[in-house]
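Undergrad: Got a predicted structure plus its sequence, pasted below:
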Protein chains: 2
Amino acid sequence: MKQHTLLMPLDMHLHLRDGIMLENIASLSAYSFSGAIIMPNLVPPVSTKEELIAYKERILHAVGIEAADDEMEEFSDNGGFEPYMTLFYQNYDEDFLAEVADELTAIKLYPAGITTNSEGGVKNFDIEEMRPTLEAMARLDIPLCVHGETDGFVMDREAEFMNIYESLATNFPDLKIIMEHITTKEAVDMLDKHANLYATITVHHLLISLDDVIGGMMKPHLFCKPIAKRPEDRDALLKVALDAHPKVMFGSDSAPHPQHKKEACGCAAGVFTAPIALQLLCEIFEKAGKLDNLQSFVSDNAQSIYGICPEFKEIILVQEPFKVPETYKGVVPMYAGESIGWSIEDVD
Amino acid sequence: MKQHTLLMPLDMHLHLRDGIMLENIASLSAYSFSGAIIMPNLVPPVSTKEELIAYKERILHAVGIEAADDEMEEFSDNGGFEPYMTLFYQNYDEDFLAEVADELTAIKLYPAGITTNSEGGVKNFDIEEMRPTLEAMARLDIPLCVHGETDGFVMDREAEFMNIYESLATNFPDLKIIMEHITTKEAVDMLDKHANLYATITVHHLLISLDDVIGGMMKPHLFCKPIAKRPEDRDALLKVALDAHPKVMFGSDSAPHPQHKKEACGCAAGVFTAPIALQLLCEIFEKAGKLDNLQSFVSDNAQSIYGICPEFKEIILVQEPFKVPETYKGVVPMYAGESIGWSIEDVD
């Protein structure tokens, strides 16, 4: 049976939420990842040192708690997990950033109102207004993670944002800018245009196009922002992921919502992939004959780009069918009830 | 208070389903329309004279029944309603068509598997295979109604079908071909290219774009096939509808599903608009200063194109807010719970 080992997998874009949801799902990520970049879009968003430290403590507590019931038992006792914390972008002054720098790994910028809990985001992209903050971040070597969508037509939002990426990249050449969860060939093309632009890619955007979301039946559990685009966009994403382009990292954007909020009249955006991401990635990379590149995509590139050294963790995957549970603690995962080709055999 | 009278409104594309659903919702159409082209995509599809006659009888029975409860009482005693029957397209011989011609108004062609209950549709569009049937239809003056979508990428399916419309239109110049529920500027452009191409347009495609379906929250009650397209497509549809282009007719494509099939993991396609269509059309046409053109769009054009003479019915609408019910007999309508600008005041 084919087997593949991944060392220190990292999820460079993760939503852990808060409260009961956090306690329910955090251990699913901690089980198979060494660490994850934690999104700050709580209500209210994480924007002070105190909130950031307190949120990190709540995450570590959620990860550390013993399995409360049988359902989660297998995910306990999973070794170390580092929550790489982020602040919600606003114009911060340099003194504040210097003081908080040791506690955070990046700052996440949302355009106002563009996705879940982003109402307090950036309303326009006035470079001069943002200059003091972004220059301070560059000096302090704090990367800027960006949800890159305009408020235009849903299929054009990411492509339309490329002007803003260009403007940020050229105005702040010393700032590391991560184009988060890219979904278009336009974003892929940007990677080689500016030295300081990087990207994360989700596993679902490597697998689905808009056809999977609304081409047959409508699939709320595949509804996310940015929405999956055209097949040729997916092909462009696959190419740089499978080749482990050095500026590209895995970031699941795994985003849990309670089942009743997904299967409803106004379904919330987000695909929940945390517990199946590595298995799916093995399947994708193995099918393409690129399994040797997965280590770079899922960890090494991120270590280089962010300059982080995660604790040792070894995940052994085997090419054995895994039936995805219908729910994990009330959250419906991608491919619920379906069988995928790889399983996690062991975690050290 | 502004008032507007419509004479003999016609819904040139309607799904009435069968069984309990038929009995529940047929009177909603019969209340405000003089007649409707009834889609044949039952299980199994309507494809014999006996099935067609029996289905028409079931419709007339459903329309004629007294209101079973208070909820529906206002929709009873509504005067005449003519179900203009259609057969499900397959290759029929001329003798059969001649025999059934008096009982039907059109034949509806579905590409196989393209929408609800269309599995038995046309698998390829081999003109020579279809020639005997389509030439017989032309001789018998039976229009061909077409669901014009390929099995390509969801946003391209209708535009990709234009080649097939061109081929049908040029190979069968004496056949009336109705492009059903068009959603793109490509289809609008076809109207003036071929004398024998006509179109129906729904009310929801005059109102929404893909942004309304998946641009904010995901809205299952706005999910339909063909999917709503780009804002510029909607603008092209609005132009020909508001101008009452003589080759364009109103067809609601109102397609009821039980609530639990819409708000579910794999939501069925269809928007339910039958009971609010005329009110919405008044609002759209009045806002654009084109109320005088509505009569043509909603009845006169269809009478000319199909050569039909509906029974007299007069609908008086007033510019008074109408709160759309949350459900009609378990079916959630478009804009459920919201207020629209026009109401039906009286029906004669």
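TA: Cool, got the structure.

Undergrad: the bottom helix or strand of chain A by mean pLDDT?
TA: When the helices and strands of chain A are compared on mean pLDDT, DSSP states H and E, helix A:70-73 comes out lowest with a mean of 58.

Undergrad: could you say what helices and strands whatever helix or strand comes next after that one packs with?
TA: Past helix A:70-73, further along toward the C-terminus, the next helix or strand under DSSP states H and E is strand A:82-88. Contacts defined by 3 or more CB pairs under 8 Å, 6 or more residues apart in numbering or on different chains; DSSP states H and E place strand A:82-88 against strand A:35-38, helix A:49-64, strand A:106-109. Backbone N, C-alpha and C define where each C-beta goes, glycine included.

Undergrad: isn't residue A:110 right up against residue A:122?
TA: Yes. Contact criterion CB atoms under 8 Å: residue A:110 and residue A:122 qualify, at 7.0 Å.

Undergrad: Stretch A:309-320: which residues count as buried?
TA: Neighbour counts over stretch A:309-320 (16 or more other CB atoms under 10 Å in any protein chain shown) mark A:310, A:313, A:315, A:317, A:318, A:319 as buried.

Undergrad: quick one, what contacts the fifth one?
TA: This means residue A:318. With contact set as CB atoms under 8 Å, 6 or more residues apart in numbering or on different chains, residue A:318 has these partners: A:1, A:2, A:3, A:4, A:342, A:343, A:345.

Undergrad: Get me the contact residues on chain A for chain B.
TA: Residues of chain A lying near chain B by CB under 8 Å from any CB of the partner chain: A:153-155, A:209-211, A:213-221, A:223, A:227, A:230-231, A:263-269, A:332, A:336.

Undergrad: which of those residues count as buried?
TA: Among those, those buried by neighbour count (16+ other CB under 10 Å) are A:153-155, A:209-211, A:213-215, A:217-221, A:223, A:227, A:230, A:263-264, A:267-269, A:332, A:336.

Undergrad: In strands, which of those appear?
TA: With DSSP state E as the criterion, strands contain none of these.

Undergrad: Show me these that map onto helices.
TA: residue A:210 (DSSP state H).

Undergrad: Strands along the stretch 101-250 of chain A, start to end?
TA: Using DSSP state E, counting those that start in this stretch, the strands of the stretch 101-250 of chain A run over residues A:106-109, A:144-146, A:177-179, A:197-201, A:248-250.

Undergrad: strand partners of the longest one, parallel vs antiparallel please.
TA: Strand pairing for strand A:197-201, determined by DSSP bridges: strand A:177-179 (parallel), strand A:248-250 (parallel).

Undergrad: now those strands in JSON lines, with mean neighbour count?
TA: What follows is these, written out as JSON lines (neighbours: other CB atoms under 10 Å in any protein chain shown):
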{"stretch": "strand A:177-179", "mean neighbour count": "26"}
{"stretch": "strand A:248-250", "mean neighbour count": "28"}
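
Undergrad: distance of the closest residue to residue A:133 other than its chain neighbours from residue A:144?
TA: In this structure, residue A:133 finds its nearest non-sequential neighbour in residue A:91, 4.8 Å apart by CB to CB, 6 or more residues apart in numbering or on different chains. Distance of residue A:91 to residue A:144, computed by CB to CB, to the nearest Å: 13 Å.

Undergrad: related to what we said a few turns ago, how about the strands of the stretch 101-250 of chain A, which one is nearest residue A:34?
TA: Distance to residue A:34, taken as CB to CB, is lowest for strand A:248-250 among these, at 12.2 Å.

Undergrad: Tell me how far that closest one lies from the chain's centre.
TA: 9 Å (CA atoms, centre = their mean, to the nearest Å).

Undergrad: one step back: which one of the strands paired with strand A:197-201 lies closest to residue A:61?
TA: Closest of these to residue A:61 is strand A:248-250, at 25.8 Å (criterion: CB to CB).

Undergrad: quick one: average pLDDT of that closest one?
TA: Taken as a whole, strand A:248-250 carries a mean pLDDT of 98.

Undergrad: excluding its backbone neighbours, what's nearest whichever residue of the stretch 51-200 of chain A sits closest to chain B?
TA: Residue nearest to chain B within the stretch 51-200 of chain A: residue A:154 (4.1 Å; CB to the nearest CB). On the basis of CB to CB, 6+ apart, the spatially nearest residue to residue A:154 that is not a chain neighbour turns out to be residue B:215, at 4.1 Å.

Undergrad: on that earlier part again, who's more crowded, residue A:91 and residue A:144?
TA: Set residue A:91 next to residue A:144 and count neighbours by other CB atoms under 10 Å in any protein chain shown: residue A:144 wins out with 22 against 12.

Undergrad: Does that one touch residue A:92 like I think?
TA: No. Between residue A:144 and residue A:92 there is no contact under CB under 8 Å: 11.6 Å.

Undergrad: Pull up the overlap in contacts between the two.
TA: residue A:107.

Undergrad: Which neighbouring residues are in contact with the residue lying closest to residue A:341 once chain neighbours are set aside, exactly?
TA: Distances taken as CB to CB, 6+ apart place residue A:283 nearest to residue A:341, at 4.3 Å, with adjacent residues excluded. With contact taken as CB under 8 Å, 6+ apart, residue A:283 is in contact with A:340, A:341, A:342.

Undergrad: Over to the first one: give its phi and psi.
TA: Pointing back at residue A:340 there. Main-chain torsions, residue A:340, degrees, to the nearest 10: phi -120, psi 160.

Undergrad: Just give me the neighbour total for it.
TA: When neighbours are counted by other CB under 10 Å, residue A:340 registers 16.

Undergrad: Correct me if wrong: it contacts residue A:279.
TA: Yes. Counting by CB under 8 Å, residue A:279 is a contact partner of residue A:340 at 5.5 Å.

Undergrad: Common neighbours of the two, please.
TA: Joint contacts of residue A:340 and residue A:279 (CB under 8 Å, 6+ apart) are residue A:322.

Undergrad: thinking again about what came up before, what about residue A:110 and residue A:122, which has more around it?
TA: Higher neighbour count among residue A:110 and residue A:122: residue A:110, with 26 against 20, using other CB under 10 Å.

Undergrad: Let me have the strands paired with strand A:197-201 in JSON lines, extended by distance to residue B:325.
TA: JSON lines is the format used below for the strands paired with strand A:197-201 (distance: least, CB to CB, whole Å):
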{"stretch": "strand A:177-179", "distance to residue B:325": "45"}
{"stretch": "strand A:248-250", "distance to residue B:325": "47"}
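
Undergrad: closest to residue A:135 out of the ones you listed?
TA: Once the strands paired with strand A:197-201 are compared by CB to CB, strand A:177-179 is nearest, at 13.2 Å.

Undergrad: how about low-confidence regions in the stretch 51-200 of chain A?
TA: Under the criterion pLDDT under 70, the flagged ranges of the stretch 51-200 of chain A are A:65-79.
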